[in-house]
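Engineer: Pasting the sequence and the predicted coordinates here, then a few questions.
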Amino acid sequence: MQLAFILYKYFPFGGLQRDFMRIALECQQRGHQIRVYTLIWEGDIPEGFDVRIGPIKAFSNHRRNIKFYDWLQDDMQRQPVDRVIGFNKMPGLDVYYAADGCYEDKAQTLRNPLYRFSNRYQHFASYERAVFAPESSTQILMISEVQQPLFIKHYQTAPERFHLLPPGIAKDRQAPSNAQAIRAEFRAEFNLLDDQYLLLQVGSGFKTKGLARTLKALASLPNEQRERTQLIVIGQDDPKPFVVQAAALGLSKQVKILKGRSDIPRFLLGADLLMHPAYNENTGTVLLEALVSGLPVLVTDICGYAHYINDADCGEVLASPFQQKQLDQALSRALGDPLLRARWSANALDYAKTADLYSMPERAADIILAELP
């Protein structure tokens with residue numbers, strides 16, 4: 001079949017983008033043709049992918065999205081496809097990969113009521129409704145079971161249209177047999193002594209991922225712990241507000257903020273704790289990447305994949321409503337107890353051997369390529 005994959009932006013380090021790539025490659029491996037519609041493509045294009053970049057300019061995101069949608073519809077009318085798979089919500093999809101949570105629920109619970117009179121709301125709500133309304137036939141690939149009841153609540157979506165996928169962690173995130181050698185080499189590269197701690201935070205969107213919370217927790221550590229602790233942050237975002245915050249907290253020499261990169265497994269093996277005190281997170285792929293590499297995790301329970309940390313007993317899940325003091329104490333306790341961290345790490349590696357954390361691309365391809373209802 002000729003498959004059309006649609007996403008607004010592709011860059012190599014985003015969770016949605018990496019999921020898209022692995023699913024598209026799995027479909028290609030099964031013999032199907034891959035066409036991609038996008039507004040922005042950063043990085044290499046896989047051999048055989050037909051990537052079409054929309055020549056769209058607009059002053060607002062919702063106007064840009066509308067013009068992009070009209071353009072790709074015209075293109076597909078000229079050169080038809082057999083199936084349309086969207087990684088962002090929009091009309092006309094055969095299959096939608098639900099990387100984002102329920103927009104309507106956020107609009108009603110987190111926004112001023114006047115927000116629902118805006119053009120922005122009208123656009124995003126109508127595109128979401130096109131996917132989830134009862135009269136739609138779009139098949140929905142869910143990666144977070146937490147969100148399904150919200151979509152059903154707001155749209156009365158038929159339950160049989162939802163397909164809950166297992167996680168899809170790349171096997172290269174698993175701790176290799178020479179993990180200790182990689183860790184030692186990494187820590188030497190970053191001038192980390194044996195008695196120093198390295199905290200790691202990974203994810204684009206520093207505000208949403210709770211970087212400010214992590215910086216406050218680091219600053220709150222007792223002097224002896226704080227002086228021995230470094231933090232590396234990796235992601236695609238503007239670091240300036242957090243550089244300023246780190247300076248104000250007296251942490252400038254202990255915090256490095258790096259752009260997105262492809263060698264994350266080295267950092268997962270070299271660190272002592274993954275910090276992920278997010279405000280909002282549909283899943284949190286990095287949580288499972290840390291798990292399969294044996295890196296203990298501190299995470300807020302708002303994250304869709306946080307339950308895996310509890311299931312594996314490989315870190316601490318902070319209960320809502322979030323309290324900064326709770327994170328501060330959890331961090332100090334974890335750093336001060338090497339036996340606890342060692343137990344968490346061993347539990348993670350054991351869990352990774354038996355749990356299905358890897359088959360999402362195969363299962364997604366099965367549904368995409370199945371006979372549509």
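Structural biologist: Noted; the coordinates are in hand. Numbering: from 1, shown residues only.

Engineer: Give me the pLDDT for residue 59.
Structural biologist: Here, the pLDDT recorded for residue 59 equals 90.

Engineer: Domain map for the chain?
Structural biologist: Split into domains by automatic domain parsing, the chain comes to 2-166+358-369, 171-354.

Engineer: Mind putting those into a markdown table with mean neighbour count?
Structural biologist: All C-beta spots, glycine's among them, are computed from the backbone N, C-alpha and C. Formatted as a markdown table, the domains of the chain follow (neighbours: other C-beta atoms under 10 Å):
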| stretch | mean neighbour count |
| --- | --- |
| domain 2-166+358-369 | 17 |
| domain 171-354 | 18 |
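
Engineer: which residues of the stretch 1-150 of the chain fall in helices?
Structural biologist: Secondary structure of the stretch 1-150 of the chain (DSSP state H, counting those that start in this stretch): helices at 15-29, 61-78, 103-109, 119-132, 148-155.

Engineer: any idea of the pLDDT on the residue nearest to residue 328 when sequence neighbours are not counted?
Structural biologist: Take residue 328 and drop its neighbours on the chain: the residue closest to it by C-beta to C-beta, 6 or more residues apart in numbering is residue 220, 4.1 Å away. The model reports residue 220 with a pLDDT of 98.

Engineer: same check, this time on residue 56
Structural biologist: Residue 56 is assigned a predicted lDDT (pLDDT) of 95.

Engineer: Same question for residue 182.
Structural biologist: Each residue has a pLDDT score; the one for residue 182 is 97.

Engineer: Surely it touches residue 267?
Structural biologist: No. Contact status for residue 182 versus residue 267: not in contact, 10.3 Å apart, counting by C-beta atoms under 8 Å.

Engineer: so who does the residue of the chain positioned farthest from its centre touch?
Structural biologist: Largest separation from the mean C-alpha position in the chain: residue 78, at 34.4 Å (C-alpha atoms, centre = their mean). By C-beta atoms under 8 Å, 6 or more residues apart in numbering, residue 78 lies in contact with nothing.

Engineer: Hmm, the residue nearest to residue 328 is touching residue 335, no?
Structural biologist: No. Using C-beta under 8 Å, residue 220 and residue 335 do not qualify as a contacting pair, with a distance of 11.7 Å.

Engineer: So what's the gap between whatever helix or strand residue 340 lives in and the chain middle?
Structural biologist: If you go by DSSP states H and E, residue 340 is part of helix 338-354. The offset between the C-alpha centroid of helix 338-354 and the centroid of the whole chain comes to 23 Å, using C-alpha atoms, centre = their mean, to the nearest Å.

Engineer: packing partners for that helix?
Structural biologist: Taking 3 or more C-beta pairs under 8 Å, 6 or more residues apart in numbering; DSSP states H and E as contact, the helices and strands that helix 338-354 lies on are helix 285-293, helix 306-312, helix 324-335.

Engineer: Just the residues contacting the helix or strand that it is followed by, thanks.
Structural biologist: Once helix 338-354 ends, the next helix or strand along the chain (criterion: DSSP H and E) is helix 360-369. Applying C-beta under 8 Å, 6+ apart, the external contacts of helix 360-369 come out as 1, 3, 19, 22-23, 25-27, 30, 32, 83, 85, 95, 97, 139, 141, 143, 163, 165-168.

Engineer: what's the distance between residue 122 and residue 56?
Structural biologist: Residue 122 sits at a distance of 19 Å from residue 56 (criterion: C-beta to C-beta, to the nearest Å).

Engineer: Please tell me I have it right and residue 35 contacts residue 3.
Structural biologist: Yes. The criterion here is C-beta under 8 Å, and residue 35 meets it with residue 3 at 6.8 Å.

Engineer: Which residues are in contact with each of these two?
Structural biologist: Residues within reach of residue 35 and of residue 3 at once, by C-beta under 8 Å, 6+ apart, are residue 81.

Engineer: Which residue is the nearest non-sequential neighbour of residue 13?
Structural biologist: Distances taken as C-beta to C-beta, 6+ apart put residue 260 closest to residue 13, at 3.2 Å, once the chain neighbours are dropped.

Engineer: typo on my end, residue 319
Structural biologist: Closest residue in space to residue 319, ignoring its immediate chain neighbours: residue 301 at 5.5 Å, by C-beta to C-beta, 6+ apart.

Engineer: Then residue 264?
Structural biologist: Of all residues beyond its chain neighbours, the one nearest residue 264 is residue 202 (6.3 Å), with distances taken as C-beta to C-beta, 6+ apart.

Engineer: for residue 235, same thing?
Structural biologist: Distances taken as C-beta to C-beta, 6+ apart place residue 204 nearest to residue 235, at 4.3 Å, with adjacent residues excluded.

Engineer: Spit out the contact partners of that neighbour.
Structural biologist: Counted by C-beta under 8 Å, 6+ apart, residue 204 has contacts 13, 14, 235, 236, 237, 260.
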